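Participant: sequence-free structure coming up:
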């Protein structure tokens, strides 16, 4: 509906104009009224009407003066002048002010409808042209953004200005639903960031190859993102079913020049395509966490080789599945068939032998270590995720074959091969497959005679002592030992008299003390070395353990 303001000093005439026709049937709605020229100008400022019906003779400021003032201030809406005088001089003056029509009182209904119909046609045509122009500009803008992100286009200074690329910092992130088994994503990260960001031009949202890409421009939205990422960390996880709990984000590093945005894009894409290797309940993958220079202070220059990027896990119903499959084929072709086969056979023999030996002696520590080593090797292996799943299937089947020969007199309730293969190949994450293997090995050990679980806490302690530097939580190590996190937490607390997190904090703080006294390494680096990403959180835990800050501890004991 187009907006209309009616201005006449006589109330009865304003009421008559309201009821003389069905305004909405003509495509208009009356948004305001005015009884003098001053009120007309206020109404124009408040409502920005498309059409103003205005009487020439009104108190304070005449209708013509009001039209003149409005035009001088840049108002471009239509005016229909009303007057009780059929005076050519008035009509001629009104025309000079670009008035659309001049109607005499009493207003003829048919004439008013005719004028409104003509105005509506003009407004419709203008809106269509404006929409067409906006669509064209939007498409052109999106095309420039795509070229900027992928590095396919080198933008001119004018094009950078058009895209508001005049900031001192930029960051590219990918955002997708956290649960890959859910059809729809309830929340969009760009919407969440806009809630706390006044300037919407600092956040660009674009779809590339079916993936949601967000470009942050300027310090403010990047700072807001960092606050959100803090909530994603193991120390400050997002609340269940909250907006932040429903999304997964992959972040490139922060860059200072518009021409470096494509580097941040490629880094973020690399992290997204490595999502298969993320931990349980992990909501973010940051390029800066995985790639550092020798001094650990600066993010390394991106050296991404797209031929060796692993493909992300995709839902079979997801529109990006085809793209990921094509990438997998490209990666697979980077190795010769002979090399691929040799690598496969080598790994199958190595890991099946190690795991079978560990299963036979009921060595949970070694099983956990071997699976961890396998995870680490798969992360850096020059294979696609599809090939890695095939490799895991072969390792599992080889282990099963060996165990059935070794314990041919024992009934081991193995899962059917088809079910095991289906589970591994359809898993979205490596940690799901590791949990499956751990459960299978635990089932085998139980079947062949391993029933005592008294040593399990010793195994957990051993694992903590050798892995405290990494992001270990009860949730992500419990599967390695064949337990759910809740039950393992209960038996851990019962045996040691303290909970898992407190014990882990004490181990980390003890190692931090050794580093503080034996080196001059900066406190924030010590925090990273013992497993704390958040240095403030490290300070809290250290002070809780010792009663003083890390710096004070070093000063008092050196």
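Facilitator: Received, thanks. No experiment lies behind these values; they were computed from the predicted model shown.
Participant: quick one: average confidence on stretch 340-356?
Facilitator: Over the span of stretch 340-356, the pLDDT mean works out to 90.
Participant: For that stretch, buried residues please.
Facilitator: The neighbour-count criterion (16 or more other CB atoms under 10 Å) identifies 340, 343-344, 347-348, 351-352, 354-356 as the buried residues of stretch 340-356. Every residue, glycine included, has its C-beta placed from N, CA and C.
Participant: Out of those, which comes closest to residue 30?
Facilitator: residue 340 (74.7 Å; CB to CB).
Participant: May I ask which helix or strand encompasses that closest one?
Facilitator: Element membership for residue 340 (DSSP states H and E) is helix 337-360.
Participant: if we can go back for a sec, with distance to residue 430 as added columns, please give the buried residues of stretch 340-356 in JSON lines.
Facilitator: Conversion of these to JSON lines gives the following (distance: CB to CB, whole Å):
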{"residue": "340", "distance to residue 430": "20"}
{"residue": "343", "distance to residue 430": "18"}
{"residue": "344", "distance to residue 430": "17"}
{"residue": "347", "distance to residue 430": "15"}
{"residue": "348", "distance to residue 430": "17"}
{"residue": "351", "distance to residue 430": "14"}
{"residue": "352", "distance to residue 430": "18"}
{"residue": "354", "distance to residue 430": "18"}
{"residue": "355", "distance to residue 430": "16"}
{"residue": "356", "distance to residue 430": "21"}
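Participant: For those residues, work out which two are farthest apart.
Facilitator: Spanning the widest gap among the buried residues of stretch 340-356 are 340 and 356, at 24.1 Å by CB to CB.
Participant: max-length helix in the protein?
Facilitator: Longest helix in the chain by number of residues (criterion: DSSP state H): helix 109-150.
Participant: packing partners for that one?
Facilitator: strand 2-7, strand 78-83, strand 101-104, helix 157-162, strand 203-208, strand 211-217, helix 261-273 (3 or more CB pairs under 8 Å, 6 or more residues apart in numbering; DSSP states H and E).
Participant: and these as a markdown table, adding distance to residue 249?
Facilitator: Putting the helices and strands packed on helix 109-150 into a markdown table (distance: least, CB to CB, whole Å) gives the following:
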| stretch | distance to residue 249 |
| --- | --- |
| strand 2-7 | 42 |
| strand 78-83 | 49 |
| strand 101-104 | 56 |
| helix 157-162 | 26 |
| strand 203-208 | 13 |
| strand 211-217 | 8 |
| helix 261-273 | 9 |
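Participant: In CSV, list these along with distance to residue 111, mean neighbour count and mean pLDDT.
Facilitator: Formatted as CSV, the entries for the helices and strands packed on helix 109-150 read as follows, by distance: least, CB to CB, whole Å; neighbours: other CB atoms under 10 Å; pLDDT from 0 to 100:
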stretch, distance to residue 111, mean neighbour count, mean pLDDT
strand 2-7, 16, 23, 96
strand 78-83, 10, 23, 90
strand 101-104, 6, 17, 85
helix 157-162, 46, 12, 84
strand 203-208, 49, 17, 87
strand 211-217, 53, 22, 91
helix 261-273, 59, 24, 92
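Participant: can you list contacts of the helix holding residue 340?
Facilitator: The contact list for helix 337-360 (CB atoms under 8 Å, 6 or more residues apart in numbering) reads 332, 335, 366-367, 370-371, 374, 377, 381, 383, 387, 390-391, 394-395, 398-399, 402-403, 406, 441, 444-445, 448.
Participant: Which stretches in the stretch 151-300 of the chain count as strands?
Facilitator: 170-177, 203-208, 211-217, 247-251, 284-286 (DSSP state E, counting those that start in this stretch).
Participant: what separates the first one from the chain centre, distance-wise?
Facilitator: Yep, that's strand 170-177 we're talking about. Remark: strand 170-177 is offset 5 Å from the chain centroid, using CA atoms, centre = their mean, to the nearest Å.
Participant: packing partners for it?
Facilitator: Here strand 170-177 is seen to pack against helix 189-195, strand 211-217, helix 219-232, strand 247-251, helix 261-273 when contacts are counted using 3+ CB pairs under 8 Å, 6+ apart.
Participant: Could you do the last one as well?
Facilitator: Counting contacts by 3+ CB pairs under 8 Å, 6+ apart, strand 284-286 packs against helix 219-232, strand 247-251, helix 261-273.
Participant: Poorly predicted segments of this structure, please.
Facilitator: Counting by pLDDT under 70, the chain has low-confidence residues at 85-96, 133-138, 180-201, 231-244, 290-335, 450-455, 480, 482.
Participant: Quick check, central residue of it?
Facilitator: By CA atoms, centre = their mean, the chain has its centre lying nearest to residue 175, at 2.6 Å.
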